[in-house]
Structures are given as structure tokens and as C-alpha cells.
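A.B. asks: predicted structure and sequence below. I'll ask about it afterward.
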Amino acid sequence: MIGREREMAELQRCVDSDRSEFVIVYGRRRVGKTYLVDQFFHHQFDFSYTGGHRLPKAKQLRNFGKALKKYAMLERQPKFSDWDDAFDALEEYLEAMPDDKRKVIFFDEMPWIDTPQSEFVDALEMFWNGWASRRNDIVFVASGSSTSWMVDKLVENQGGLHGRITSNIYVRPFTLHETEEYLNSRKFNWDRYQMLQTYMILGGIPFYYSLLNPKESLVQNVDRLFFRKNGELKTEFEELYHSLFSHAEKYTEIVKVLNDKKGGLTRDEMLNATGMDASLLTKVLRNLERCDFIIRYSQYGNKTKGAIYRLVDFYTLFYYRFVEASNGQDETWWSHNFQSRAVETWQGLSFELVCLLHLTQIKRRLGIAGIATEASSWRYVPTKKSDTDNEERGTQIDLLIDRADRVINLCEMKFSAHPYRITDDYEKLLRDRMETFRTKTKTTKALVHTFVTTFGVADGMYRSIVNSEVVMDGLFVE
């Protein structure tokens, strides 16, 4: 098991508890939720049932009866007319087991079980409130990829399950450190530069990494998975969103808009771009953020308004940029284009996102892990100018680290195959932007330029503008 130490410690706490525990395990599709539960319990459950995707209530109940026949060792498969009957039968089976034994029940892909008019959640409430919670020997584990369903129906349930969840485990994608551990465990002889590139494509999703072949180069792997006919990750896209969200087309509409705006958009800008109903947009953004597809950064100086949303699902970004755009015409498209200008531009943008998602590691390498900080972005858009006004440019800083010691790190994130060289023009841009930030925000805090790069900043005439830096290796720390 790579990583997941905190998750396994929490599961162990629930097993050792002297009360019944209602545990939910949720997170993005393919992130390893089922694997975590299976490995922790060594596949030893007193009852386990997996919901079927897009199966009607009758077939869900039939499969439940089949699972109960297996675990209870019944001669005949029971038939149920509704979920109340199914949970009654589960109670009867569990009650027949020894009182001194902790009974572990695992419901996987629970959101798929809750089909329209199934009344599944009502039956679950009765099972837990009327029976399981009154005992001290039940460990009930519920898992699902539809994070919005898991949160709305379980975590934030306003009915009979309100406040009943005893453990909430959210499984996130691997960090770069965990990715390196995983690849090394599978005997990949890749350096960190190559591992970083895989992260910018696969985004730390364990299942995607399991598809990589250590006997192939990175380029060969990408061609096989994304560009060959029926490549496993070529066909993943549609299933990804439809398995997570009802009305998936509304979610992909927002994702496409954010994909086209690399610097991100505010909520008002998305309303103007899509014409979507405001309440629906709020719901879509909330669910995308819950699933780690987007991140929301407040703008410096304004925590409540003007937050910028950015698409940060690396798989989605790669799919839109190259897989969909290639139209499936070339099964070795990546081999022919991985050194192109388009790929170089994508790498720069993707590296920025890697840095945003590894802020903890950046702070640690800067030696400010123990200082209270707030991360934000900043955007300045000039107001309409009169004929007598001097020309004024807009600017954006994607990452600011505002520190309690009255210092603000203005972060520059640069991906390069070699040490990054600062030019005369770029040095002037940095100085002008710092001055614009100081003037418009009226901050009195010290401002420092921080560079996060792959191989550091090259020595040269303009390197002195760099006050602090973090190189690629720093992103791989635990």
C-alpha cells in the first residue's frame, strides 16, 4: 500500500472502537477507494455488496440477494420487493453471528444503488438508526465515486442520517512523493523529470498509473493509452463524468469553458460565458470542486468575491488539449508531437497546476511551513481609459503566499528542460508587475520574488531578481 497511512489509521480506529461505526470512503473515480478498503480488511467482510451502474431497482435487489446468499450460505437466493425487506434480511443474518465479533459490512458504489424512486436512503436510515447504531459491534463502510451524492445524502443529510456518520474518509490523488514511491515499487527506471511529466498527464490517479508499462518509454506509454484505437484512457473521458454526475453534460460544459481559459474564470465570467442558471452553476461548481476537478482561489484582498476557478484535473486537460483535438487520426500522435511548441505551452501551464497542488511542499522548502499563510491569486484589470490617460496594462499573479510575518511571496512557476534563464524583458515585466501590485493593493508588506522551477534559475545578469526558489526535487518531499 502506497501512502494512505492516515486513511488506514482511521479505519483501524473504527475497528478498535467500542461502538458501532458508520464510515464513508469517497473520492474521485479511479483514485483507489475500493482498493484501500479491500486491502485494509484483506477482503474479509461479513457482508459486501457493490451497486451496479445504471441498473434498475429490481436488478440491484436481485444482486443484493445473490450477495446475501453467498455470505449467509443460504440454500436459495432470497427475493426482495424493496430495500426495507433487503435490510431486514441483512439484520437477521448479522444477528445470528456471535455477539463478541465485530461485523464488517461494505457497500461499494453506494450512489449507484440509489436509483430514482428506490427509497434506498430511507431504508438505510432505518437500518442504521433502528438497529445498527444501537449495537456496539457493527462497522458499516460505504464507498462511492459520486462525491456529490456521498456528501449530499450522507455527510450533509438533513434527515434521519443527520449527524450519524462517525468517520469521514476522503481519498485524494497521489502526491508527487507517493507517485514516486509507486513507480519505484513497480521498477520504473524513470527520473523525477519523467515522473513529473506523467503527473502532468495522469494527475496522481493510482488506477491510471497501474496501466503504465515499465518496459515501454513514457512516450510509448502515452501513445498506447491515449492515441491507439480503443486505448484505455482514450475511452475513459465519457465514462468519467457520467459515472460521477447526473446531467453530466452540464459539468462538461463548465469544464470546457475553464479549459479554454488557462488563467481561470470568476463565477460571473462563467455565467456570462455559458448563460447557465445561477443556482445550477453554483451546484456544478461545488460538485466539481468536491471531486478535485477544479480549485477555487480567492483573490488577494477579497476573500468573499471574485474568486478564480481553475480546472486542475490533469487527465481532463490533457484529453481536451491533445486527445480530442487529434481526432484519432494518428495512433502515434504523441511520438510525433511531444517536442512541439503546443506541448511546450501545455507543459508550462500544467506545471503551474502541479505547484498549486503542492503548496505544502513549496512552503516546506522555503522554510515557512511553521508560519501561518494564506494562498491566493491576484488579477488587475485596468478600467476604461480616457484619451489623456497613460496606457496601463492588466496583469495576473497566479500564486501569492501571504505570510503572517508580513512577507508576501510572488510566485513564478516555470517548467523547463534546463535551468530557467531570465531575460531582460522578463526581468522588467517582473519589476513592473511587483510595482503594480504594491500600488493597487496599497500593501506595506515586504514583497519577494519566488521561483518554482524544474532545474533552478540559471546564473546570469538578471538572476538577482530571484529572492528565493524551489526546484523540482522540492515538490517530491513527503
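C.D. replies: Perfect, I can see it now.

A.B. asks: in the protein, which residue is closest to the centre?
C.D. replies: Centroid-nearest residue in the chain: residue 292, 3.0 Å away (criterion: CA atoms, centre = their mean).

A.B. asks: can you pull out the low-pLDDT segments for the stretch 101-250 of the chain?
C.D. replies: Of all residues in the stretch 101-250 of the chain, none has pLDDT under 70.

A.B. asks: what are the boundaries of the strands in it?
C.D. replies: Secondary structure of the stretch 101-250 of the chain (DSSP state E, counting those that start in this stretch): strands at 103-108, 138-144, 167-170.

A.B. asks: how about the helices of the stretch 151-300 of the chain, start to end?
C.D. replies: Applying DSSP state H, counting those that start in this stretch to the stretch 151-300 of the chain gives helices spanning 176-185, 192-202, 206-210, 218-222, 236-244, 248-260, 267-274, 278-290.

A.B. asks: hmm, I was thinking of the stretch 351-478 of the chain
C.D. replies: Under DSSP H, counting those that start in this stretch, the stretch 351-478 of the chain gives helices at 359-366, 424-441, 472-475.

A.B. asks: closest to residue 330 out of these?
C.D. replies: Proximity to residue 330 (CB to CB) singles out helix 472-475 among those, at 30.4 Å. Placement of C-beta: from N, CA and C, glycine included.

A.B. asks: run through who's touching that closest one.
C.D. replies: The contact list for helix 472-475, computed with CB atoms under 8 Å, 6 or more residues apart in numbering, reads 176, 192-193, 196, 354-355, 358, 361-362, 364-365, 452-455.

A.B. asks: stretch 297-304 now?
C.D. replies: 264, 305-308, 310, 356, 374-379, 397, 400, 402, 441.

A.B. asks: before we move on, the earlier item: for the strands of the stretch 101-250 of the chain, which one ends up most surrounded?
C.D. replies: strand 138-144 (a mean of 24; mean count of other CB atoms under 10 Å).

A.B. asks: that strand versus strand 103-108: what angle between them?
C.D. replies: On the basis of axes from the mean of the first three to the mean of the last three CA atoms, to 10 degrees, strand 138-144 is oriented at 10 degrees to strand 103-108.

A.B. asks: mind giving me the packing neighbours of strand 138-144?
C.D. replies: strand 21-26, helix 33-41, strand 103-108, helix 110-113 (3 or more CB pairs under 8 Å, 6 or more residues apart in numbering; DSSP states H and E).

A.B. asks: make a markdown table out of these and add distance to residue 85.
C.D. replies: Putting the helices and strands packed on strand 138-144 into a markdown table (distance: least, CB to CB, whole Å) gives the following:
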| stretch | distance to residue 85 |
| --- | --- |
| strand 21-26 | 21 |
| helix 33-41 | 26 |
| strand 103-108 | 16 |
| helix 110-113 | 15 |
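
A.B. asks: among those, which comes closest to residue 135?
C.D. replies: Once the helices and strands packed on strand 138-144 are compared by CB to CB, strand 103-108 is nearest, at 8.6 Å.

A.B. asks: the closest one pairs with which strands?
C.D. replies: strand 47-50 (parallel), strand 138-144 (parallel) (DSSP bridges).

A.B. asks: run through who's touching the helix or strand following the shortest one.
C.D. replies: For strand 47-50, the succeeding helix or strand toward the C-terminus, using DSSP states H and E, is helix 57-72. With CB under 8 Å, 6+ apart as the contact definition, helix 57-72 has outside contacts at 45-52, 55, 74, 76-83, 86, 89-90, 93, 112-113, 115, 117-118.

A.B. asks: buried sites along whatever helix or strand comes next after helix 57-72?
C.D. replies: Sequence order places helix 83-95 as the next helix or strand after helix 57-72, per DSSP H and E. Residues of helix 83-95 classed as buried by neighbour count (16 or more other CB atoms under 10 Å): 83, 85, 86, 87, 88, 89, 90, 93, 94.

A.B. asks: between helix 83-95 and helix 57-72, how many degrees?
C.D. replies: 10 degrees.

A.B. asks: show me what helix 83-95 is packed against.
C.D. replies: strand 47-50, helix 57-72, strand 103-108, helix 120-130.

A.B. asks: who wins for proximity to residue 37 among the ones you listed?
C.D. replies: Of all the helices and strands packed on helix 83-95, strand 103-108 comes closest under CB to CB, at 6.0 Å.

A.B. asks: just the angle between that closest one and helix 120-130, please?
C.D. replies: Using the same axes, to 10 degrees, strand 103-108 lies at 160 degrees relative to helix 120-130.

A.B. asks: and strand 103-108, how far out from the chain middle?
C.D. replies: Distance of strand 103-108 from its chain centroid, counting by CA atoms, centre = their mean, to the nearest Å, is 25 Å.
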